[in-house]
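Chemist: sequence first, then the predicted structure, then my questions.
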Amino acid sequence: MTVTKLIEQFHKLDVGPGQFLQNLLAAQCFLGQADGGAILRISQEQKVDVLALYPQLKKNDSDPQWLTKSIRHAHEAYASGEVALEPLDEPDSSFNGSVKSHILMIPMTIADIGKNVAAFLIATEDKAALEESSQKLQLSTGLLNYSQMRPAQQSWKENCLRLQRAMVTLSAVNQQNKFKGAAMAFCNEVASQWQCERVSIGFLKGRYVQLKGMSHTEDYSRKMKVVQDIESVMEECLDQDIEVINPASKDSTYISRAADSLSKRYGPLAILSLPLRQDGEVVGVLTLERHIENLFTADEVETIRLACELCTARVFGLYESDHWIGATIAVRSRKFLSSIVGPKYTWLKVSMVFIFAAIIFLIFGKGQYRSESPFVLEATIQQVIPAPFDGFIESVEVEVGDEVEAGKSVLANLDTADLVLELAKAQADRLGFEKQASAAMSEGKTAESQIAKERVAKTQAQIKLLEYKISQASLISPIGGVVVEGDLKRRIGAPVKVGDVLFEVCPLEFLRAQLFVPEDQIKDIEEGQHGELATASYPGRRIKFVVERINPIAEVVNERNVFKVRVQLLDTYSWMRPGMEGIAKVSIGQRRYSWIWSRKVVNWVRMKFWL
């Protein structure tokens, strides 16, 4: 049995797709000397289903090895798009290392089924026989494509005839170099091809359609009644942007009053109006008229539509160029402006409007320009509490951050045990010297009495000094404020020397801020300018200030040249502490937003390229 006879036999079979595939597999295995075959479908969930299998398995039989391997490699075979020939068995030494069986996998697509792979088992050791079977199986697989293509082949002749008539019309139009000749050739050819009594073409001019060509008629006047009626039919078609056929069918949804009036006045006539489109827009209308007995069929309408689509670009291009230069510029300008304000490209136009508005805003809009710089809070008054004498720390009553009252709050106590002992010794020495002075005076020893009295006075001075030191053992802040230095609780019992700074107290009402202004912004800072600052601890609270003093000498802070600017705080809060840092912004004045946002880049470019 030949391949041609198989194709004819299967073409006449009127069976379901499953039985057809089963018969196809049997025929393919017969032609290609294959021992088995299967058609595998790859679903959208990437699962592999067996649509047909030859030979069919019995109920209790398990899947053969070649089918299992084919299912496992179906995805790879279809994704590659090429025919794959893979060995099934391991090489056998008895056959000099040759492979006994092969699996041939052919990817294909079946209508209404989707992605498929045809798999065949070829059991042969001969390479020539293997190649021959592979070619036959690939050839027979084309039977499916042949079966699917037959409906298209039935209408191939009709489509060729339609295309031929449309191409003949286009050829007649392309032979003309002027608009008037092209319009006349178009109308005459359409009238000749479809046996029309009159064919007219009109183009949109402003808001109305004007007749620009009529078959077999070179001279006509727009004042003629027939011309006005034809233009009404064209405008009726253009307004609805749909093909208008008269007489209209019962289920038609378009309006054909003007076409019906033209048909009754000059006929009765069968009328067909088609919109001519260029770049998706209706630019003109073609109207065909012929005897009422010869109505326009659907096939004719489709063919005429094809001819219009092929010829519109040529005719409309000549129509636009057939003007003097001023009219051409006006038409193109109007078209450009209509594309800008028209309903198309909505998001693009909205984006352009926003971009244009942003440009205008940047050029003419003004905002407050602020110089931004870091700062640190400092105390204008800071009381130092030193050690009044050499000694040891006995106790510490406050910590850093505690508030103290002036002359009341005890900060710390120094150990006075040694001072008390020295005081007792000094008091005892004073009594001894007083007795010596009395004894010397009674014995008339004046010199010794004077010496003893001087020793009494010296000892008395030592007593007063020791008593003063003991009275200063409790460290009390002379001013009220917050302890900013003096974390001494870990140093209880440690020695201190007279003059060592133990505590620092700062009154909160005497705080100021020190700004570190970069050198590229210092030229904008002046005394008396106002601004706001925010600390890192409380970023939501703005503290107003006024510039008080600008240090004229730059300093290096964090590897950057800065100028220190001292500002006076106009507002103070209980949570503010010396040493707090944050960002300060000095209000310079009104500037254009384009200048504010591009200032740094422009300055960098000027420095880089020395502009």
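Modeler: Ah, there it is.
Chemist: hey, let's count contacts and neighbours off CA atoms from now on
Modeler: OK.
Chemist: excluding chain neighbours, what is closest to V501?
Modeler: The shortest distance from V501 to any non-neighbouring residue, by Cα to Cα, 6 or more residues apart in numbering, is to P386 (4.2 Å).
Chemist: show me the shaky parts of the stretch 351-500 of the chain.
Modeler: Within the stretch 351-500 of the chain, no stretch has pLDDT under 70.
Chemist: please enumerate the helices of it.
Modeler: Per DSSP state H, counting those that start in this stretch, the stretch 351-500 of the chain carries helices over the ranges 417-442, 446-471.
Chemist: dump these into TSV; add distance to L51 and mean neighbour count as well.
Modeler: Shown next, in TSV, are the helices of the stretch 351-500 of the chain (distance: least, Cα to Cα, whole Å; neighbours: other Cα atoms under 10 Å):
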stretch	distance to L51	mean neighbour count
helix 417-442	108	16
helix 446-471	109	17
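Chemist: and the ones you listed: which comes nearest W597?
Modeler: Relative to W597, the nearest member of the helices of the stretch 351-500 of the chain by Cα to Cα is helix 446-471, separated by 64.8 Å.
Chemist: how far out from the middle of the chain is the closest one?
Modeler: 91 Å (Cα atoms, centre = their mean, to the nearest Å).
Chemist: please name every helix or strand in contact with that helix.
Modeler: Packing partners of helix 446-471 (3 or more Cα pairs under 8 Å, 6 or more residues apart in numbering; DSSP states H and E): helix 417-442.
Chemist: now the helix it packs on, how far from the centre of its chain.
Modeler: Between the centre of helix 417-442 and the centre of its chain there are 94 Å (Cα atoms, centre = their mean).
Chemist: do stretch 292-299 as well
Modeler: Using Cα atoms, centre = their mean, the offset of stretch 292-299 from its chain centre is 55 Å.
Chemist: which residues touch that stretch?
Modeler: Stretch 292-299 has contacts (Cα atoms under 8 Å, 6 or more residues apart in numbering) with 245, 267-270, 272.
Chemist: do stretch 310-325 as well
Modeler: Applying Cα under 8 Å, 6+ apart, the external contacts of stretch 310-325 come out as 166-167, 169-170, 173-174, 177-179, 182-183, 186, 276-278, 283, 328, 331.
Chemist: sorry, back to before: need the helices of the stretch 351-500 of the chain in JSON lines (columns: distance to V396).
Modeler: Shown next, in JSON lines, are those (distance: least, Cα to Cα, whole Å):
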{"stretch": "helix 417-442", "distance to V396": "17"}
{"stretch": "helix 446-471", "distance to V396": "17"}
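Chemist: and of the ones you listed, who's closest to V376?
Modeler: The nearest among those, by Cα to Cα, is helix 446-471 at 38.5 Å.
Chemist: number of residues surrounding I122?
Modeler: 26 (other Cα atoms under 10 Å).
Chemist: which ones are touching Q278?
Modeler: By Cα under 8 Å, 6+ apart, the residues touching Q278 are 312-313, 316.
Chemist: secondary structure element for A77?
Modeler: helix 74-80 (DSSP states H and E).
Chemist: try M108
Modeler: Using DSSP H and E, M108 sits within strand 101-110.
Chemist: quick one: strands adjacent to that strand?
Modeler: Strand pairing for strand 101-110, using DSSP bridges, gives strand 84-87 (antiparallel), strand 114-123 (antiparallel).
Chemist: just those strands: most buried one?
Modeler: strand 114-123 (a mean of 24; mean count of other Cα atoms under 10 Å).
Chemist: relative to the whole chain's centre, how far out is that one?
Modeler: 45 Å.
Chemist: got a list of contacts for it?
Modeler: 29, 33-43, 66-67, 70, 74, 77-78, 100-110, 130, 133.
Chemist: again, but for stretch 434-450
Modeler: 451-453, 456.
Chemist: which pair in the contacts of stretch 292-299 spans the largest distance?
Modeler: I245 and G267 (14.9 Å).
Chemist: the more surrounded of those two?
Modeler: I245 (25 against 14).
Chemist: where does the stretch 1-150 of the chain have low pLDDT?
Modeler: 1-18, 89-99, 110-114, 139-140, 142-150.
Chemist: hang on, L488 packs against V396?
Modeler: Yes: between L488 and V396 a contact is recorded at 6.6 Å, counting by Cα atoms under 8 Å.
Chemist: show me this protein divided up by domain.
Modeler: Here the domain assignment for the chain is 3-154, 159-325, 387-498, 510-609, based on automatic domain parsing.
Chemist: for those, which one sits closest to G367?
Modeler: G367 lies closest to domain 510-609 among the domains of the chain, at 5.3 Å (Cα to Cα).
Chemist: any idea how far the closest one is from the middle of the chain?
Modeler: Taking Cα atoms, centre = their mean, one finds the center of domain 510-609 at 35 Å from the center of the full chain.
Chemist: I'd like the mean pLDDT over it, please.
Modeler: Mean pLDDT, computed over domain 510-609, is 89.
Chemist: can you mark which positions in stretch 182-194 are buried?
Modeler: For stretch 182-194, burial by neighbour count (16 or more other Cα atoms under 10 Å) applies to 182-191, 194.
Chemist: actually stretch 485-498, not the one I typed
Modeler: 485-486, 488, 496.
Chemist: rebuild the residues you listed as JSON lines, extending it with distance to L288.
Modeler: Compiled in JSON lines, the buried residues of stretch 485-498 are given as follows (distance: Cα to Cα, whole Å):
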{"residue": "E485", "distance to L288": "103"}
{"residue": "G486", "distance to L288": "106"}
{"residue": "L488", "distance to L288": "109"}
{"residue": "V496", "distance to L288": "118"}
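Chemist: in strands, which of the residues you listed appear?
Modeler: If you go by DSSP state E, the buried residues of stretch 485-498 have 485, 496 in strands.
Chemist: quick check: closest non-adjacent residue to R430.
Modeler: Take R430 and drop its neighbours on the chain: the residue closest to it by Cα to Cα, 6+ apart is V456, 5.2 Å away.
Chemist: repeat that for F545.
Modeler: L569 (4.4 Å).
Chemist: again with Q33
Modeler: Here the nearest residue to Q33 in space, its sequence neighbours aside, is S133; by Cα to Cα, 6+ apart that works out to 6.1 Å.
Chemist: next up, the contacts around the one you found.
Modeler: Neighbour list for S133: 31-34, 122 [criterion: Cα under 8 Å, 6+ apart].
Chemist: touching, P495 and F392? I think so.
Modeler: Yes: using Cα under 8 Å, P495 is in contact with F392, at 4.3 Å.
Chemist: buried only: go through the contacts of Q278 for me.
Modeler: In terms of neighbour count (16+ other Cα under 10 Å), the buried residues within these are 312, 316.
Chemist: wait, which of the contacts of Q278 is closest to E86?
Modeler: For the contacts of Q278, the closest approach to E86 (Cα to Cα) belongs to A313, at 54.5 Å.
Chemist: which element is the closest one on?
Modeler: Using DSSP H and E, A313 sits within helix 298-321.
Chemist: and that helix, C-alpha only, in PDB?
Modeler: This file holds the C-alpha atoms of helix 298-321, laid out as PDB (Å, rounded to 0.1, in the frame of the first residue of the first chain):
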ATOM      1  CA  ALA A 298     -20.800  39.200   0.700                       C
ATOM      2  CA  ASP A 299     -18.000  37.800  -1.400                       C
ATOM      3  CA  GLU A 300     -18.100  40.900  -3.600                       C
ATOM      4  CA  VAL A 301     -18.100  43.200  -0.700                       C
ATOM      5  CA  GLU A 302     -15.100  41.500   0.800                       C
ATOM      6  CA  THR A 303     -13.200  41.700  -2.600                       C
ATOM      7  CA  ILE A 304     -14.100  45.400  -3.000                       C
ATOM      8  CA  ARG A 305     -12.900  46.000   0.600                       C
ATOM      9  CA  LEU A 306      -9.600  44.400  -0.200                       C
ATOM     10  CA  ALA A 307      -9.200  46.500  -3.400                       C
ATOM     11  CA  CYS A 308      -9.900  49.700  -1.300                       C
ATOM     12  CA  GLU A 309      -7.300  48.700   1.300                       C
ATOM     13  CA  LEU A 310      -4.700  48.200  -1.400                       C
ATOM     14  CA  CYS A 311      -5.400  51.400  -3.300                       C
ATOM     15  CA  THR A 312      -6.300  53.900  -0.600                       C
ATOM     16  CA  ALA A 313      -2.600  54.600   0.400                       C
ATOM     17  CA  ARG A 314      -1.700  55.400  -3.300                       C
ATOM     18  CA  VAL A 315      -4.800  57.500  -4.100                       C
ATOM     19  CA  PHE A 316      -4.700  59.400  -0.800                       C
ATOM     20  CA  GLY A 317      -1.000  60.100  -1.000                       C
ATOM     21  CA  LEU A 318      -1.500  61.700  -4.500                       C
ATOM     22  CA  TYR A 319      -4.500  63.600  -3.100                       C
ATOM     23  CA  GLU A 320      -2.400  65.100  -0.300                       C
ATOM     24  CA  SER A 321       0.500  66.000  -2.600                       C
END
